[in-house]
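S.K.: Here's my sequence, what's the structure:
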Amino acid sequence: PPTLGEFAQQFGGSYLSTEGALWRTLKLLVTRPGALTREYLAGRRRHYVLPLRLYLTASVVALVALRLASSGAAIELPPETAAELARAGKNELVIALGGDQGPRLGLANGKFYCERLPAALCHHFQRKRDLDPKAMSRELERASERFVGHWGTAMFLLVPMFALWCKLAWLARRLRYTEHLVYALHLHAVWFAPIAVAQVPLPPFKPVALLA
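M.R.: Predicted structure coming up:
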């Protein structure tokens, strides 16, 4: 069996070598991202990282960087502010959807009611309304973590939708959907790269990344 060093070299040597596909891809991604898409569509694919792998790598690095940066940036509310937010849910309130015959939810005499809505949805609204000040603080402290977690999933689902909109916008060019998908993967990889760099806690990195 190989040693750990040999295994690491076999696994990442060609990928991380100075002449490898990763560095050629990153160079084009930073300097001429459009050329990277054109190279792939022209059939010159063996010298570059494949679009889906590139996107997944960039997105994972960006999400890990965001999670590390947001882990120490919890929202801390003063007790009186959290209590005020909790009391705001105790007031009289009515939300009507679709007129008098549509779904309704609200508060009457301090009691929550929910009509013509699925039971699970009514339970969700009631649970949010019944939060005490401490629970409200915990919910807000976890907001940044939830944002990062949901954002990664949302972006992964939105990339193929973005490609579909590109297909419709440039329908006259008669390009295949997969060609627009390659463009979408490269474009989103370009966006993820400065997001990851912006999380570096040093002064020069964030403004340069945001400008990029």
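S.K.: The longest helix along the chain packs against which elements?
M.R.: As assigned by DSSP state H, the longest helix anywhere in the chain is helix 143-169. In terms of contacts (3 or more C-beta pairs under 8 Å, 6 or more residues apart in numbering; DSSP states H and E), helix 143-169 is packed against helix 51-71, helix 177-197. All C-beta spots, glycine's among them, are computed from the backbone N, C-alpha and C.
S.K.: Run a quick neighbour tally on residue 167.
M.R.: 18 (other C-beta atoms under 10 Å).
S.K.: contacting residues for it?
M.R.: 175, 177, 180 (C-beta atoms under 8 Å, 6 or more residues apart in numbering).
S.K.: Need the three-state assignment for residue 46.
M.R.: Following DSSP: H, G, I helix; E, B strand; the rest coil, residue 46 is assigned to coil.
S.K.: So what's the predicted local confidence for it?
M.R.: Note on residue 46: pLDDT of 82.
S.K.: Number of residues surrounding it?
M.R.: For residue 46, using other C-beta under 10 Å, the count is 7.
S.K.: ok, it - contacts?
M.R.: With C-beta under 8 Å, 6+ apart, residue 46 has these contacts: residue 21.
S.K.: can you rerun that using 6 Å?
M.R.: Neighbour list for residue 46: empty [criterion: C-beta atoms under 6 Å, 6 or more residues apart in numbering].
S.K.: how much space between it and residue 182?
M.R.: 15 Å (C-beta to C-beta, to the nearest Å).
S.K.: and the helices and strands packed on helix 143-169, which one's lowest on average pLDDT?
M.R.: Ranked by mean pLDDT, these end with helix 51-71 in last place, scoring a mean of 82.
S.K.: What subset of the contacts of residue 167 is buried?
M.R.: Buried members of those, scored by 16 or more other C-beta atoms under 10 Å, are residue 180.
S.K.: Let me know the closest of the contacts of residue 167 to residue 165.
M.R.: Checking those against residue 165 by C-beta to C-beta gives residue 180 as the nearest, at 8.6 Å.
S.K.: I figured that closest one hits residue 162, correct?
M.R.: No - Residue 180 is not in contact with residue 162 according to C-beta atoms under 6 Å; the separation is 8.4 Å.
S.K.: Tell me, please, where in the chain the pLDDT is lower than the cut-off.
M.R.: Within the chain, the stretches with pLDDT under 70 are 2, 9-19, 70-102, 105, 107-110, 112, 125, 128-149.
S.K.: Would you mind giving both backbone torsions of residue 174?
M.R.: phi 60, psi 40 (degrees, to the nearest 10).
S.K.: Could you report the neighbour count for it?
M.R.: When neighbours are counted by other C-beta under 10 Å, residue 174 comes out with 6.
S.K.: how much space between it and residue 180?
M.R.: 12 Å.
S.K.: Adding distance to residue 37 as columns, could you present the helices and strands packed on helix 143-169 in CSV?
M.R.: Formatted as CSV, the helices and strands packed on helix 143-169 follow (distance: least, C-beta to C-beta, whole Å):
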stretch, distance to residue 37
helix 51-71, 8
helix 177-197, 5
